[in-house]
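# here is my input, please return the structure:
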Amino acid sequence: MRVKPFGVAVLATAVTLVAALCGGAAAVTTAAPAYADCGDPGQPACTGPVPTVDEVVAIMDKLTDSDIPAATKSDIVTPGFTPEEAGTIDDHLNRMNADGLLPLNFVVTDIQPAPANLAGATVTSVGSFHQRSAHEPVVLADQDGHWLITHDTAMTVLDNFWYNANRRFPVVGGI
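Just a heads-up that it's a prediction; the model follows:
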């Protein structure tokens, strides 16, 4: 039986934002904004609220918790998952749990503020061979003082964790 991946639809702006926050370069072509934001060339660095390491770890822990149905994770994911996505996520997390790969252990670094009540961070999962991941850039949104992971970021990291859990040679970072 072939298992369908989570499916990833990453917005070009999110990729550009994460690349800028994490110091990388994104080979994504997007229309230039009609205005300049903090962090843009010639503009001051972004300042503003950012989540704590503990807040990001708590989001990642809940996101990858197989005991919490994905359909109910809208308190940490914005916007929430569709019913089809939730079903696939639950299936994959339950399989990872059955294989002894959950819970994942997260290391969070490089938390940076961004425009529009957003922040970026780098998340890595550490542990056994199939629990380890490459450094994952994540985008978080501040909604009334409560930090949530963006839908596209959540789908991307979940897909990457699933990929590593089921491949002979997972993609890992230099830890």
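# CA only for contacts and neighbour counts going forward, please
Noted.
# how close does the closest residue in space to Gly127 that isn't next to it in sequence get to Asp142?
Excluding the flanking residues, the one nearest Gly127 by Cα to Cα, 6 or more residues apart in numbering is Asn105, at 6.6 Å. When distance is defined by Cα to Cα, to the nearest Å, Asn105 is 24 Å away from Asp142.
# tell me where this protein has helices.
All helices of the chain, identified by DSSP state H, fall at 12-21, 53-63, 83-98, 151-165.
# most tightly surrounded among these?
With neighbours defined as mean count of other Cα atoms under 10 Å, those peak in mean count at helix 151-165, which reaches a mean of 22.
# now the angle between helix 53-63 and that one, please.
70 degrees (axes from the mean of the first three to the mean of the last three Cα atoms, to 10 degrees).
# packing partners for helix 151-165?
Contact here means 3 or more Cα pairs under 8 Å, 6 or more residues apart in numbering; DSSP states H and E; on that basis helix 151-165 packs against strand 77-78, helix 83-98, strand 136-143.
# that helix vs strand 136-143, what angle?
For helix 151-165 against strand 136-143, the angle by the same axes, to 10 degrees is 150 degrees.
# residue with max distance from the center of this structure?
Computed with Cα atoms, centre = their mean, the residue of the chain farthest from its C-alpha average is Gly42, at 28.5 Å.
# that residue and Gln112, how far apart?
Gly42 is 18 Å from Gln112, where distance means Cα to Cα.
# gap between stretch 148-159 and the chain center?
Offset of stretch 148-159 from its chain centre (Cα atoms, centre = their mean, to the nearest Å): 4 Å.
# with stretch 127-135 instead?
Using Cα atoms, centre = their mean, the mean C-alpha position of stretch 127-135 is found 15 Å from that of the whole chain.
# that stretch: end-to-end distance?
End-to-end distance of stretch 127-135 (Cα to Cα): 14 Å.
# now swap in stretch 122-133 and tell me
Start-to-end span of stretch 122-133 (Cα to Cα) is 11 Å.
# appreciated, that's everything.
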